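# Requesting a structural model of the entry that follows:
(chains A and B)
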Amino acid sequence: MVELENVAYNYGGGELLSDISLRLQPGSFHFLTGPSGAGKTTLLKLCYGALVPTSGQVRLFEKDLREMERDDIALMRRRIGVVHQDCQFLDHLSVSDNIALPLMVAGRDLLSEAANLKELTGWVGLSGRATAMPPELSGGERQRAALARAVIMSPDVVLADEPTGNIDWEMSQRLLRLLVELNRMGKTIMIATHDLALIRAAKTHVQARVLRISNRRLQLAGADL
Amino acid sequence: MAMLERITEFAVGDVQADRVVPPTGFTATLTLFTAGAMAFLAVFALALSLATGRLADRWGSELALSSTIRISAPAGELAAQTEAVLNVLNSTRGVASARALTDEEQKALLEPWFGPDLPVETLPIPRLVEVIETREGYDADGLRLRLAAEAPGAVLDDHTRWRRPLVRAAVRLRLLGWASILLIGASTAAMITLAAHAALAANAQVITVLRLVGARDAYIAQAFERRFTLRALMGALAGTALAVVAILLLPPAQPEGGFLTGLGFQGWHWFWPPVIPVLVALVAFLATRMAARRTLKAMP
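Below is the predicted model:
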């Protein structure tokens, strides 16, 4: 699905990540942790083809990232949903349209997807906010809208970068429950976070691997949470 | 057929795709204004080019077939020499017809300079003889020799001396007109390229989000291409319409007005103004396409 083999990534003249090997198995749940600036976001970007490694190999759905054309990467992104800490919405479109954006760019007919869209908007608890514009949303609402957008194409993998960074504990728990629910549906989940409390809270719901970036390398921080 | 389908598909567009790029921005006004102004100028350059083309053709054909003989002689000999000149012309191969201008016609020729009350009969004005050639033409040197023998006061002016620079000037003017149209096209492309670059730069965040959710570069480029092409088409339609109205308001073509009153379109030349908005839209499409693809390729 997503495989990294002896990957290194240089940034600003120095090596940010070194000798990283990782395999995301179907249906698995991962936490990626480490101090700020350790390279968590970079590693996530390598996992969805936004960055190309300096050395080593990244394989996405059995294809070598280096051999992929831009169009291949675009199509692959429809199979990997991404949630950013800053969410990145199109502010001129409503929440509902932003959630439906992956359908639009894939050329799907929104009318025939209307029921799915409504159901998904309800699932993340934004039924009453569907016509709102993104700047009107709270931090938690933005994260849930971003999660809905990430999963509307029913991707195999969901990558979330500090999804609880800007929201309170209660909202973090709500978001975590949605991600766990997705995992139970068979989706592969990887969450980059430095929030250890979130990881501890997750252990009551899911079997997750916790990976830690330390000194540019990836280590298994703890199994069977 | 496939091309036609693609053009129709592009014109009809994808309503969903059109919405992903924010609708407003200074580039919208810039594109509309540029396309309108350039179309306006293009219509005038086209009118100038076509009018000078007509003028060059007319001077080239009509004047090439006519010449003048000027007879300067004492009053007592003028009629005899005119008669001799007409006799020579009637027996000259390549002359289709020849006739002496009447006093009224000569008076009319001088009227613009001397006024309507010129007493032609009291002035020593040379007699003019109009000569119309056949397509084959006559031997000018041979005719001059015969005229010198039969009517010493007769001078043949076959118009070549002043016709050539005029025709050359008209042809140059026509070329300048076409060159102006090309420059207008290039300027339009440059302005729209700048506007497209500005729009792409201003929407870098939008592009990042679209890529994040799986949009292909062709999809993103097309959203910009369509927007700029349609804006340019709208602007060019307005500019062309204004220019056509302005041309229609010009005085109609009159022989006395010469070149300046014949600046509009005539006959099938009216086919050209509607082509200008289409060409502007095509230029906008190609300029935006190149700008978008280049920018997207350069973006990480």
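
# Every contact and neighbour count from this point should use C-alpha atoms.
OK.

# Using neighbour counts, pick out the buried residues of stretch B:191-206.
By 16 or more other CA atoms under 10 Å in any protein chain shown, the buried positions in stretch B:191-206 come out as B:191-200, B:206.

# and it, how far from the chain's centre?
35 Å (CA atoms, centre = their mean, to the nearest Å).

# can you give me the strands in the chain?
No chain was given, so I picked chain A. A:2-11, A:14-24, A:29-33, A:55-60, A:63-64, A:80-83, A:157-161, A:188-192, A:209-214, A:217-222 (DSSP state E).

# you looked at the wrong chain, it should be chain B
With DSSP E as the criterion, chain B has strands spanning B:66-71, B:95-100, B:127-133, B:154-157.

# Go ahead and confirm A:Ile20 touches A:Glu5.
Yes. Applying CA atoms under 8 Å as the test, A:Ile20 and A:Glu5 come out as touching, 6.3 Å apart.

# Residue numbers of chain A in contact with chain B?
A:50, A:70-71, A:73-78, A:81-82, A:88-90, A:92-93, A:101-102, A:104-106, A:150 (CA under 8 Å from any CA of the partner chain).

# Filter the residues you listed down to just the buried residues.
A:50, A:70, A:73-78, A:81-82, A:88-90, A:92-93, A:101-102, A:104-106, A:150.

# Per-residue pLDDT of residue 125, please?
Going with chain A. Model confidence at A:Gly125, given as pLDDT, is 86.

# I was thinking of chain B, sorry if that wasn't clear
Here the pLDDT value assigned to B:Ile125 is 82.

# That one: what's it in contact with?
By CA atoms under 8 Å, 6 or more residues apart in numbering or on different chains, the contact list for B:Ile125 reads B:Ser72.

# Quick test: name the residue nearest the centre of chain A.
Among the residues of chain A, the one closest to the centroid is A:Leu159, at 1.9 Å (CA atoms, centre = their mean).

# need the contact list for that one.
Contacts of A:Leu159 by CA under 8 Å, 6+ apart are A:44, A:80-83, A:189-192.

# Would you mind giving these as CSV with pLDDT added?
As requested, the contacts of A:Leu159 are exported to CSV (pLDDT from 0 to 100):
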residue, pLDDT
A:Leu44, 93
A:Ile80, 92
A:Gly81, 91
A:Val82, 91
A:Val83, 90
A:Ile189, 92
A:Met190, 94
A:Ile191, 92
A:Ala192, 92
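
# Could you export the residues you listed to a markdown table, including columns for distance to B:Leu286?
Below are the contacts of A:Leu159 laid out as a markdown table (distance: CA to CA, whole Å):
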| residue | distance to B:Leu286 |
| --- | --- |
| A:Leu44 | 37 |
| A:Ile80 | 34 |
| A:Gly81 | 34 |
| A:Val82 | 34 |
| A:Val83 | 36 |
| A:Ile189 | 43 |
| A:Met190 | 43 |
| A:Ile191 | 43 |
| A:Ala192 | 43 |
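
# okay, among those residues, which ones form the most distant pair?
A:Ile80 and A:Ala192 (15.0 Å; CA to CA).

# now A:Met133: how far from chain B?
13 Å (CA to the nearest CA, to the nearest Å).

# how far away is the residue lying closest to that residue once chain neighbours are set aside from chain B?
Among residues not flanking A:Met133 along the chain, A:Ser94 sits closest, at 4.6 Å (CA to CA, 6 or more residues apart in numbering or on different chains). Per CA to the nearest CA, A:Ser94 is found 11 Å from chain B.

# what about A:Ser94, neighbour count?
19 (other CA atoms under 10 Å in any protein chain shown).

# pretty sure it contacts A:Pro134?
Yes. The criterion here is CA under 8 Å, and A:Ser94 meets it with A:Pro134 at 6.6 Å.

# Chain A: helices as residue ranges?
A:40-47, A:70-77, A:95-99, A:101-105, A:114-123, A:139-151, A:169-184, A:196-202 (DSSP state H).

# So what's the residue count around residue 142?
Let's take chain A. 24.

# other chain: chain B
10.

# can you check the one 3 residues further on too?
Neighbour count for B:Leu145, taken as other CA under 10 Å: 12.

# For it, give its distance to chain A.
83 Å.

# swap in B:Met3?
Distance from B:Met3 to chain A, by CA to the nearest CA: 21 Å.

# Once you drop chain neighbours, what's closest to A:Thr41?
Leaving aside its sequence neighbours, A:Thr41 sits nearest to A:Asp161 (CA to CA, 6+ apart; 6.5 Å).

# unless I'm mixing things up, that neighbour is touching A:Asp195, no?
No. Applying CA under 8 Å, one finds A:Asp161 not in contact with A:Asp195, separated by 11.6 Å.

# So between these two, which is more surrounded?
A:Asp161 (22 against 14).

# any idea how far A:Ala146 is from that one?
11 Å (CA to CA, to the nearest Å).

# who touches both of the two?
Common neighbours of A:Asp161 and A:Ala146 are listed as A:83-84 (criterion: CA under 8 Å, 6+ apart).

# pLDDT weak spots in chain B?
B:1, B:9-15, B:24, B:62-64, B:120-121, B:161, B:252-262 (pLDDT under 70).

# Output the residue of it whose distance to chain A is smallest.
Here chain B gets closest to chain A at one residue, B:Gly214, 4.4 Å apart by CA to the nearest CA.

# so how far does stretch A:89-106 reach from one end to the other?
17 Å.

# Give me the contact list for that stretch.
Applying CA under 8 Å, 6+ apart, the set of residues contacting stretch A:89-106 is A:78, A:109-110, A:117, A:121, A:129-135, A:145-146, A:148-150, A:152-153, B:16-17, B:19-20, B:22, B:206, B:209-210, B:213-216, B:219.

# what's the answer for stretch B:232-244, then?
Contacts of stretch B:232-244 (CA under 8 Å, 6+ apart): B:31-41, B:43-44, B:273-274, B:276-278, B:280-281, B:284.

# Just the C-alpha atoms of that stretch, please, in CSV.
Taking Å, rounded to 0.1, in the frame of the first residue of the first chain, the C-alpha atoms of stretch B:232-244 are listed here in CSV:
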residue,chain,number,x,y,z
ALA,B,232,-11.2,37.8,-23.5
LEU,B,233,-14.1,36.8,-25.8
MET,B,234,-16.5,39.0,-23.8
GLY,B,235,-14.1,42.0,-23.9
ALA,B,236,-13.3,41.5,-27.6
LEU,B,237,-17.0,41.3,-28.5
ALA,B,238,-17.6,44.6,-26.7
GLY,B,239,-14.5,46.2,-28.3
THR,B,240,-15.3,45.0,-31.8
ALA,B,241,-18.9,46.2,-31.5
LEU,B,242,-17.8,49.7,-30.4
ALA,B,243,-15.3,49.8,-33.2
VAL,B,244,-17.9,48.8,-35.8
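
# out of everything not next to it in sequence, what's closest to the residue in chain A that chain B sits nearest to?
Using CA to the nearest CA, the single residue of chain A nearest to chain B is A:Ala74, 4.4 Å away. Excluding the flanking residues, the one nearest A:Ala74 by CA to CA, 6+ apart is B:Gly214, at 4.4 Å.

# Spit out the contact partners of that neighbour.
The neighbours of B:Gly214, taking CA under 8 Å, 6+ apart as the test, are A:73-78, A:102, A:105-106.

# Nothing else from me, thank you.
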